[in-house]
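Asker: Need a 3D model of the sequence below.
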Amino acid sequence: MGIPSYERRCAEIVNQTELLVASLDDADLGIQVPSAPDWTLNQLLRHVGHAHRWADSMLRDRLPEIDFSRNGAQLLSSYVGESPTVLIPWLREGAALLAEVLRSVDPDEMIAPLGGHPGPRVWSRRMTHETVIHRWDVCNALGVPFTLDVDLAQDTLREWTGLALPYAFSRWPEETAPLAGTGTVHLHATDVEAEFVIDLTGSTPVVTEGHAKASVAVRGPVVDLVLAVYRRRSLEGLEVFGDSGLLDLMLDRVRF
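Answerer: Below is the predicted model:
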């Protein structure tokens, strides 16, 4: 399965936001989010919208590096008692503005680059999958169905292996230290061509795509694998072969 195009990701930021807000009519935004227990639904929605606006701001101002001081996505305590009628237009506006600025710049321009990669490409992908995962949080909190196209889900899984995993090792070295020098983990989707082998035998993870024998393998539908690595679901119902303790350790220590 190919990697979604830049234009597809720009469109998906808007599309995934539309799918998210579609479940919000008459929702009680004061409920706690089970998968993000420190936040209410109100705060989670503000987190998503501020993330979109943060990326938009950096790209619109063509910053040469990431400016974390502009990120309001974690400053959420003041958001209480808001209504869907306030938040739905605000979320739609932020997604549309981000898609607009992404389409207005050269995808390969080094604006707000991350890990040496051009910012427009990185942020088009990051904000697509940020919205996907938090859409699941919203659906789960409200008890409504969540679906995701498998071609998009395989890219969510690919981004987790390529961005979230190394980021966790650099951001939380004490938490991830027990993984260094352990073994290999094979993520194998059963409904789409998406397989990733994570080599943890060195000091930092090395990821390759494709099929290979590993210390532990986990198989299942790609959306279930995405939710498992993002710690949104347990491994129950997935096929696990080999060193299940290593898999449990990786999922416990890697957060994003």
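Asker: what's next to the worst-scoring helix or strand of the chain on mean pLDDT, contact-wise?
Answerer: Across the helices and strands of the chain, mean pLDDT, DSSP states H and E gives its lowest value to helix 165-171, namely a mean of 93. Here helix 165-171 makes contact (Cβ atoms under 8 Å, 6 or more residues apart in numbering) with 115, 175, 176, 179, 198, 204, 205, 207, 253, 254, 255, 256. (C-beta placed from N, C-alpha, C; glycine too.)
Asker: low-scoring stretches of the stretch 1-150 of the chain, by residue?
Answerer: The stretch 1-150 of the chain contains residues with pLDDT under 70 at 1-2.
Asker: Can you list the residue ranges for helices in it?
Answerer: Using DSSP state H, counting those that start in this stretch, the helices of the stretch 1-150 of the chain run over 6-21, 41-60, 84-104, 119-142, 150-159.
Asker: Mind checking the ones you listed for the one nearest to residue 75?
Answerer: Residue 75 lies closest to helix 41-60 among these, at 7.9 Å (Cβ to Cβ).
Asker: Next, the angle helix 119-142 makes with the closest one.
Answerer: Helix 41-60 and helix 119-142 are oriented at 170 degrees to each other (axes from the mean of the first three to the mean of the last three Cα atoms, to 10 degrees).
Asker: What is helix 41-60 packed up against?
Answerer: helix 6-21, strand 32-33, helix 84-104, helix 119-142 (3 or more Cβ pairs under 8 Å, 6 or more residues apart in numbering; DSSP states H and E).
Asker: List the beta-bridge partners for residue 240.
Answerer: residue 218 (DSSP bridges).
Asker: Surely it touches residue 247?
Answerer: Yes. Contact criterion Cβ atoms under 8 Å: residue 240 and residue 247 qualify, at 6.3 Å.
Asker: The helix or strand that contains residue 250 - contacts with which helices or strands?
Answerer: Following DSSP states H and E, one finds residue 250 within helix 244-253. For helix 244-253, the packing partners by 3+ Cβ pairs under 8 Å, 6+ apart come out as strand 184-189, strand 216-220.
Asker: Contacts made by it with the rest, please.
Answerer: Residues contacting helix 244-253 (Cβ under 8 Å, 6+ apart): 168, 172, 175-176, 178-179, 182-183, 185, 198, 200, 215-216, 218, 228-229, 231, 235, 240.
Asker: Next, the buried residues of it.
Answerer: 246, 247, 249, 250, 251, 253 (16 or more other Cβ atoms under 10 Å).
Asker: Residue 64: what's it in contact with?
Answerer: 110, 111, 112.
Asker: with the residues you listed in mind, which one is nearest to residue 30?
Answerer: Distances from residue 30 to the contacts of residue 64, taken by Cβ to Cβ, are shortest for residue 112, at 34.1 Å.
Asker: Name all residues that make contact with the closest one.
Answerer: 55, 58, 59, 63, 64, 65, 66, 67, 119, 122, 123.
Asker: Which of those are buried, as a ChimeraX select command?
Answerer: In ChimeraX syntax, the buried subset of the contacts of residue 112 is picked out as below (16+ other Cβ under 10 Å):
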select :55,58,59,66,119,122,123
